[in-house]
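Participant: Provided below for reference: sequence and predicted model.
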Amino acid sequence: MAVSLTETIHTLGNSLLQRCRDAGEDLAQLLCSTLEPLLSTDFHIGFVGVKDEAGAVLIERALLIYIASSADGEGSTPYVAPESVAGVLHVTPSLNEASLAEGYTLIGKVKALPGYGSDSMEGWHHVPMGMIVACDCDRPLEQLVDAIAAINVEVPSTRWADAVSVLSRGMINYAVQFEGGKIGGDFILPNKTGAMPFAMYVHVMVSSPGTYTFNRTCGFLFMYLGCFSRKTSLPTNQMVMEGVPQIAVNVRPYMFDATDHLTQVPGWMSQDRGYGLQLLPYRVESQKGDLLSRVQLVPWLDGGAAIRVYGKLPLMPFIMLLGKMDRPPQQMKTPDGTISSILPINRSQFELMLTRFNRQSNMTIKREQPSWTVTKMADEGTSSPFMARLFLNVLDLRKSALETKGDIDAFEKPYELVLMSSITVRDLAREIGELLTDHRSKIERGVGVRIDGRTVHVDEPIDKELRRLVESFLNSSNRVMLTGMKEAAKALRLDITFFFKKESTFLNGVAALDGSDPDLAAYCRKARVWSDMLNTVRNDMEHNFWSVSRVQYRIEHGRVAMLEPEIIGRTVSDFAKFITARMLCFVEEICVHGLQRRMPDNISVTEIPLTQRPVERAERFRLCTAGGGMPLWKIVYHETTFDET
């Protein structure tokens, strides 16, 4: 039976990795000898230098990929012409900040070689590729991205490394996403400026295909070389990764600025900052009121913007009404219409153009009337751990775990109840605490209370209000757990229905869970303790006429002191605070555990240390590659409060 190309390269990669890690052989030499037979007859790879036409040495010696038959032998070190260099590999046994910086320096020199000022007639994108290849790395891939980002700030994007491959872990490279679309394929970083930029993002992608990392490295390299020379017959990335999941995590977005260099996407363009509300389109209707198309302004960096048309109407009539521009505008087809390049216009100019279009055509422009309603959920944003973690974080993770609309709806419907009821529980716990604190303060100051002999007269008792708040707290908590979380867990295929039932059923269910999910079983055993407390009180209230005791008072040293009622050995305020903290942790951890189990094999979740969470977006969890070196989160019961977790 013939061995596939994918398995052939997989075997080569495993051998290369083993010889480097175990036998201590030179990775650069191994990589050179392994890649040479794979580059067909169009390219060579070797340790060569670069000379210009005048004989000046531009690069002394490096592992270069160059057009075949272009080397000029001179002693033991051959040289090639600058325009023949298709790529450079900076190879290091173990990647750290020093070797990363060395790689960037070498790649910058290669990308600055003369002869690449214009696109080649023979290639689609005549740009030398720069890749850093290592056997191992001193940190997880996701943390390596931070080191890469620090260098990217200091180096123009025309000189960035195109990819970083750590053969024992995975690869880091860039992918493109046009505004409003999905993240697409690998992106070729331009090594020059002056191109007409479109409204697109460039994402740093991290993938960890495990032992197939060398396959991914070859596929990426072949794709670049295929763009460098369209005469080549190198295999595609799909051919060398046949049957291997190609899933990556986007960890950092960039976009082109007015100088045609990549810069990090600013915070004001984040969806959670309301950027999407700036993109509401205008309707283009016929005189009969029929919808013909939609036209939209897409605000961009440095005061520029793009114009997008959804539907069949052409884009250029709108562009022409803007007047003459310094650079001729360009347009690009999208799956649902057309989008322009970034134009030097603002919203006022865009709306003036629409007015002209209204006046000069037989069509009508109207503001789009959204069919949804934006309502205020709470007086807090993503800097609040509650909103960042239970709302934004969980729903973001859901996007990577649940694919079908049926699965998404099955989870989101009960989770919406969980969220809204959790807000109520948290508010009630706070109100209970404030009511008792305020009453205690008044009693201690002698406000609304009198002593008559040994009798205490309280003019403003709080028993009725306290009883109402406690009953509401218990009912809302029951909605979170029994109604919401039971169904949300079921939607995530976590079989913990037993958790909400009587003791014998619980014991049988958790024992069965030990076999399939021991971590969750251990978590449920400990969570059952506080859940039992909540269930006991709630059932007593529902069936045994229980209600919270009255506030008690006593005279101490001639003054009145307040004694707060208790619930199962805890003061009312402490009970409410304790149950709220435990419940919020339960909601978050059960949902994240379920979502983590539904993710693809090479994608998982890592926990961000408390001290490292951004103030403006206090999320606890982040997507990561399963084999990139980040510590994978594991559900473990704890006693810390929600905000301290």
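Facilitator: Cool, got the structure.

Participant: residues touching the residue lying farthest from the centre of the chain, list them.
Facilitator: Distance from the centre of the chain peaks at G453, with 67.4 Å (Cα atoms, centre = their mean). G453 makes no contacts at all, as judged by Cβ atoms under 8 Å, 6 or more residues apart in numbering. Where you see a C-beta, it was placed from the backbone N, CA and C, and this is true even at glycine.

Participant: and the strand or helix carrying A149, how far from the chain's centre?
Facilitator: If you go by DSSP states H and E, A149 is part of helix 141-154. How far helix 141-154 lies from its chain's middle: 16 Å, per Cα atoms, centre = their mean, to the nearest Å.

Participant: try stretch 525-534
Facilitator: Worked out by Cα atoms, centre = their mean, stretch 525-534 lies 33 Å from the chain centre.

Participant: same question for stretch 573-591.
Facilitator: Remark: stretch 573-591 is offset 26 Å from the chain centroid, using Cα atoms, centre = their mean.

Participant: and after the helix or strand of the chain with the lowest mean pLDDT, which helix or strand comes next?
Facilitator: Lowest on mean pLDDT, DSSP states H and E among the helices and strands of the chain sits strand 71-72, with a mean of 57. Once the chain leaves strand 71-72, the next helix or strand it forms, by DSSP H and E, is strand 79-80.

Participant: what's that following strand packed up against?
Facilitator: Counting contacts by 3 or more Cβ pairs under 8 Å, 6 or more residues apart in numbering; DSSP states H and E, strand 79-80 packs against strand 43-51, strand 57-67, strand 71-72.

Participant: okay, the ones you listed in a markdown table with mean neighbour count and distance to E83 next?
Facilitator: A markdown table is the format used below for these (neighbours: other Cβ atoms under 10 Å; distance: least, Cβ to Cβ, whole Å):
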| stretch | mean neighbour count | distance to E83 |
| --- | --- | --- |
| strand 43-51 | 20 | 10 |
| strand 57-67 | 19 | 9 |
| strand 71-72 | 15 | 13 |
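
Participant: so which of the ones you listed gets nearest M171?
Facilitator: strand 57-67 (17.3 Å; Cβ to Cβ).

Participant: ok, the closest residue to M599 other than its chain neighbours - how many residues close by?
Facilitator: Nearest residue to M599 in three dimensions, chain neighbours excluded: A401, at 5.0 Å (Cβ to Cβ, 6 or more residues apart in numbering). The number of residues packed near A401 is 22, by other Cβ atoms under 10 Å.

Participant: what do you get for A489?
Facilitator: 23.

Participant: ok, it touching V587?
Facilitator: No. Using Cβ atoms under 8 Å, A489 is not in contact with V587, being 10.0 Å away.

Participant: what are the boundaries of the strands in the stretch 351-500 of the chain?
Facilitator: Using DSSP state E, counting those that start in this stretch, the strands of the stretch 351-500 of the chain run over residues 364-367, 449-452, 455-458.

Participant: got those as TSV, with distance to N14 columns?
Facilitator: Converted to TSV, the strands of the stretch 351-500 of the chain look like this (distance: least, Cβ to Cβ, whole Å):
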stretch	distance to N14
strand 364-367	60
strand 449-452	80
strand 455-458	79
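
Participant: export those strands to a markdown table and tack on mean pLDDT?
Facilitator: Listed next are the strands of the stretch 351-500 of the chain as a markdown table, based on pLDDT from 0 to 100:
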| stretch | mean pLDDT |
| --- | --- |
| strand 364-367 | 88 |
| strand 449-452 | 86 |
| strand 455-458 | 86 |
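
Participant: any chance of those strands in JSON lines with distance to D643 and mean neighbour count as columns?
Facilitator: Formatted as JSON lines, those follow (distance: least, Cβ to Cβ, whole Å; neighbours: other Cβ atoms under 10 Å):
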{"stretch": "strand 364-367", "distance to D643": "42", "mean neighbour count": "14"}
{"stretch": "strand 449-452", "distance to D643": "34", "mean neighbour count": "13"}
{"stretch": "strand 455-458", "distance to D643": "34", "mean neighbour count": "13"}
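
Participant: which residue comes closest to I443 once chain neighbours are left out?
Facilitator: Distances taken as Cβ to Cβ, 6+ apart place M562 nearest to I443, at 4.6 Å, with adjacent residues excluded.

Participant: quick check: mean pLDDT of stretch 561-568?
Facilitator: The pLDDT scores in stretch 561-568 average 93.
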